[in-house]
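Trainee: Next come a sequence and a model predicted from it.
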Amino acid sequence: MEQQQHHSVSVDDGSRSPVREKPLVSTIAKSTNILWHNCPIGQSERQNLLGQKGCVIWITGLSGSGKSTLACALSRELHCSGHLAYVLDGDNLRHGLNRDLSFKAEDRVENIRRVGEVAKLFADAGVICIASLISPYRRDRDACRALLPESRFIEVFMDLPLEICEARDPKGLYKLARSGKIKGFTGIDDPYESPVNSEIVIKMVDGECPSPKSMARHVLCYLEENGYLQA
Ligand SMILES: Nc1ncnc2c1ncn2[C@@H]1O[C@H](COP(=O)(O)OS(=O)(=O)O)[C@@H](OP(=O)(O)O)[C@H]1O
Ligand SMILES: Nc1ncnc2c1ncn2[C@@H]1O[C@H](COP(=O)(O)OP(=O)(O)O)[C@@H](O)[C@H]1O
């Protein structure tokens with residue numbers, strides 16, 4: 001039977017402070033009398049079929065830091081080398097699964113929780129799941145990591161300065177946030193808690209951001225060197 005998990009994730013009332021003390025989203029299971037049903041074909045059989053290890057590559061960073069660009073470039077590299085990958089992009093999921101969620105703190109918490117659970121299912125299916133979300137709170141990213149067995153969660157931190165992300169501003173959202181037309185925009189008037197122990201950090205080198213292809217190759221090398229691209 002699955003253990004109930006009690007992540008007490010919370011914020012101070014109404015504000016977007018990262019200091020979280022009281023529960024916001026109940027993760028206490030409400031169903032009772034439920035039993036786990038095992039299938040004879042499990043993750044290892046699916047991995048053997050696919051010739052890879054199911055895992056989650058969790059890309060976190062500010063808006064405009066290149067998360068979606070890396071996710072797409074990486075999925076292309078994996079596809080071209082014969083590996084099954086699937087991208088879960090924060091923006092895209094907010095058109096469907098997470099369309100009921102806003103950007104207030106408790107909704108971001110629930111957004112990350114749901115995507116963490118979906119990513120876990122993809123990894124269990126044997127797929128290399130690439131999740132690309134701002135995921136601003138360290139505690140929520142760590143909760144997603146804790147859903148998976150050791151080493152199946154690979155965090156990629158897009159460590160680009162706010163000034164670069166803001167200068168890119170492909171959707172014009174920073175401009176709207178600076179002029180007060182969007183409230184609670186990450187990095188402007190909403191927090192982003194940088195990771196401290198990411199497996200992979202993408203950063204500028206000599207004032208230049210690595211190209212999309214080289215970012216993707218960086219992650220691909222990590223996967224190769226750590227045995228994810230074989231069953
Ligand atoms: N207030 C506010 N703050 C941050 N981002 C905002 C906001 N409003 C809209 N957007 C757009 O939503 C995209 C981020 O969605 P996520 O689901 O990744 O966000 S989060 O992880 O729940 O924080 C993000 O996409 P990316 O630019 O790809 O990161 C924005 O385009
Ligand atoms: N490595 C890169 N080098 C140059 N421009 C980039 C790079 N990565 C992303 N960009 C550009 O930056 C902008 C934001 O990238 P995007 O992937 O949409 O970021 P995010 O998903 O984090 O919001 C886009 O216009 C994209 O073309």
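Mentor: Sure thing, it's come through. Ligands and ions are numbered 1, 2, ... in the order given.
Trainee: For ligand 1, what is the nearest residue in the chain?
Mentor: Ranking the residues of the chain by distance to ligand 1 (C-beta to the nearest ligand atom) places Gly90 first, at 2.3 Å. Just so you know, the C-beta spots here come from the backbone N, C-alpha and C atoms, and that holds for glycine as well.
Trainee: residues in contact with the closest residue to that residue other than its chain neighbours?
Mentor: Using C-beta to C-beta, 6 or more residues apart in numbering and skipping residues adjacent in sequence, the residue nearest Gly90 is Leu133, 3.5 Å away. Shown in contact with Leu133 (C-beta atoms under 8 Å, 6 or more residues apart in numbering): Trp58, Ile59, Thr60, Lys67, Leu88, Asp89, Gly90, Leu93, Asn111, Ile112, Val115.
Trainee: switch to 7 Å and redo it
Mentor: Going by C-beta atoms under 7 Å, 6 or more residues apart in numbering, Leu133 touches Thr60, Gly90, Ile112, Val115.
Trainee: Likewise for Glu117?
Mentor: Neighbour list for Glu117: Leu147 [criterion: C-beta under 7 Å, 6+ apart].
Trainee: Could you check how far the residue of the chain closest to ligand 1 is from ligand 2?
Mentor: 8 Å (C-beta to the nearest ligand atom, to the nearest Å).
Trainee: Quick check: longest helix in the chain by residues?
Mentor: Ranked by residue count and defined by DSSP state H, the top helix of the chain is helix 105-124.
Trainee: Next one: the residue of the chain closest to ligand 1 relative to Ala125, how far apart?
Mentor: To Ala125, Gly90 is 21 Å away according to C-beta to C-beta, to the nearest Å.
Trainee: And these two? Which one has more around it.
Mentor: Using other C-beta atoms under 10 Å, the more surrounded residue of Gly90 and Ala125 is Gly90, with 22 against 15.
Trainee: How is Gly215 assigned, secondary-structure-wise?
Mentor: No Gly there; residue 215 is Met. helix (DSSP: H, G, I helix; E, B strand; the rest coil).
Trainee: got the residues of this protein near ligand 2?
Mentor: Residues of the chain found near ligand 2 (C-beta under 6 Å from any ligand atom) are 61, 63-69, 168, 170, 209-212, 215.
Trainee: Secondary structure of Ile154: a helix, I assume?
Mentor: No: counting by three-state DSSP, Ile154 is not part of a helix but strand.
Trainee: what are the ranges of the helices in this structure?
Mentor: Using DSSP H, helices in the chain cover 43-50, 67-80, 90-93, 105-124, 138-146, 162-168, 173-178, 212-225.
Trainee: Can you dump the C-alpha atoms of the longest helix of the chain in PDB for me?
Mentor: Extracted as PDB, the C-alpha positions of helix 105-124 are listed here (Å, rounded to 0.1, in the frame of the first residue of the first chain):
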ATOM      1  CA  ALA A 105       1.900  31.100  -4.300                       C
ATOM      2  CA  GLU A 106      -0.500  28.300  -3.400                       C
ATOM      3  CA  ASP A 107      -1.300  27.700  -7.100                       C
ATOM      4  CA  ARG A 108       2.300  27.500  -8.000                       C
ATOM      5  CA  VAL A 109       2.800  25.000  -5.300                       C
ATOM      6  CA  GLU A 110      -0.100  22.900  -6.700                       C
ATOM      7  CA  ASN A 111       1.200  23.400 -10.200                       C
ATOM      8  CA  ILE A 112       4.600  21.900  -9.300                       C
ATOM      9  CA  ARG A 113       3.000  19.100  -7.200                       C
ATOM     10  CA  ARG A 114       0.800  18.000 -10.200                       C
ATOM     11  CA  VAL A 115       3.600  18.100 -12.700                       C
ATOM     12  CA  GLY A 116       5.900  16.200 -10.300                       C
ATOM     13  CA  GLU A 117       3.300  13.500 -10.100                       C
ATOM     14  CA  VAL A 118       2.800  13.400 -13.900                       C
ATOM     15  CA  ALA A 119       6.600  13.300 -14.500                       C
ATOM     16  CA  LYS A 120       6.900  10.400 -12.100                       C
ATOM     17  CA  LEU A 121       4.400   8.500 -14.200                       C
ATOM     18  CA  PHE A 122       6.400   9.200 -17.300                       C
ATOM     19  CA  ALA A 123       9.600   8.000 -15.700                       C
ATOM     20  CA  ASP A 124       7.800   4.900 -14.500                       C
END
